[in-house]
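Participant: Have a look at this prediction, sequence included:
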Amino acid sequence: MPAMQSSKGAALQTGSVNAAAVRNKPGLFDRIADHFRRYWQLWVLTAPALFFVGLFAYVPMWGIQLAFREFDPTKGLTGGKFVGLKYFNEFFHNPLFGEIMTNTVRISLWTLVMGFIFPIILALLINQIGSKKIKGFVQTVTYMPHFISVVVIVSMVNIFLSPGSGILGRFFGDESLMGSTSAITAVYWISEVWQHVGWNSIIYLAALAGVDTSLYEAAKIDGAGRLQLIRYVDLPAIMPTCAILLIMNMGSVLNVGFDKIYLMQNSLNMPATEVIATYTYKIGILNGQYSYSTAIGLFNTLINFVFLITANAIAKRVSDTSIF
């Protein structure tokens, strides 16, 4: 009996302590205030960036409703007649819908896949260079094209591929690759990869720089060659980084850079280069169909969002690596 009474007393005491802890637990606003008191310096530092993102990324979302209204300049964004999914249906039944989507997906996937693979290969090769001077020179040479203007890049491509006189064009006779519907996709993604491969490899080189050197030494003692070092040491080290970047790139799978593809367009390659971005520009800006172009842009964004969520879910299930 004394033991039972003591156990009951201990239980009552524990319950009273828990009840007191619950009563004394700070509320939500108290926790938020305490958080800002502790970390107000960090919030001050991030305030300009948050203001910039809010102003240029979230405030313009107010204009999304234009996709569901007939735009009337005299009534503003919210004064037009509500028409629901009219402009979406108009785009889906457009005779150019299939061609535009095919071109967008083809160019985007080629650029995404090749632009993802080649920086990894370049980073692995640069990491195998022993001399720091040579490694630094190679890095500088490979990422310098990233800073060249898109206008200059397209001009260089036109000059290099000029039939008969270009450095590369002379090997293709009188055929202009810039006017070929079958070759323009390759011209686009090859020039895109060449321009950005060095810059995109920097993040992989940073990941490889964090690999413990004892792993290389142990692998060499076991008789591993360069290919074995890349396979069993380097690749596992950068896999999480690869997964994160692939997920982020999937969020723009249908976003073909407007400026470059627009500059590369001509009357000969138009059937293979008309993508969502250029079509939206021509319809919205040049023809003044703002509601229609907004609906097309919103459709493109929703597709990219679905790809992003799907890729993140797959990566989280397969490799336990995700961005959220």
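Facilitator: Looks like it arrived, so ask away.

Participant: Only C-alpha atoms from now on, for both contacts and neighbour counts.
Facilitator: Fine.

Participant: Which helix or strand contains Thr294?
Facilitator: Element membership of Thr294, judged by DSSP states H and E, is helix 290-319.

Participant: Flag the shaky bits of the stretch 201-324 of the chain, pLDDT-wise.
Facilitator: Applying pLDDT under 70 to the stretch 201-324 of the chain flags no residue at all.

Participant: mind listing the helices for it?
Facilitator: 202-209, 213-221, 226-229, 235-250, 258-264, 270-273, 276-281, 290-319 (DSSP state H, counting those that start in this stretch).

Participant: Nearest approach to Gly166 belongs to which of these?
Facilitator: The closest of the helices of the stretch 201-324 of the chain to Gly166 is helix 258-264. By CA to CA, the value is 16.4 Å.

Participant: just checking, what packs against that closest one?
Facilitator: helix 150-160, helix 276-281 (3 or more CA pairs under 8 Å, 6 or more residues apart in numbering; DSSP states H and E).

Participant: Next, format the helices of the stretch 201-324 of the chain as a markdown table and append mean neighbour count and distance to Lys81.
Facilitator: Converted to a markdown table, the helices of the stretch 201-324 of the chain look like this (neighbours: other CA atoms under 10 Å; distance: least, CA to CA, whole Å):
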| stretch | mean neighbour count | distance to Lys81 |
| --- | --- | --- |
| helix 202-209 | 17 | 49 |
| helix 213-221 | 13 | 66 |
| helix 226-229 | 14 | 64 |
| helix 235-250 | 18 | 35 |
| helix 258-264 | 16 | 30 |
| helix 270-273 | 20 | 34 |
| helix 276-281 | 21 | 22 |
| helix 290-319 | 18 | 11 |
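
Participant: Dump those into a markdown table; add distance to Arg69 as well.
Facilitator: Below are those laid out as a markdown table (distance: least, CA to CA, whole Å):
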| stretch | distance to Arg69 |
| --- | --- |
| helix 202-209 | 44 |
| helix 213-221 | 61 |
| helix 226-229 | 59 |
| helix 235-250 | 30 |
| helix 258-264 | 26 |
| helix 270-273 | 30 |
| helix 276-281 | 17 |
| helix 290-319 | 7 |
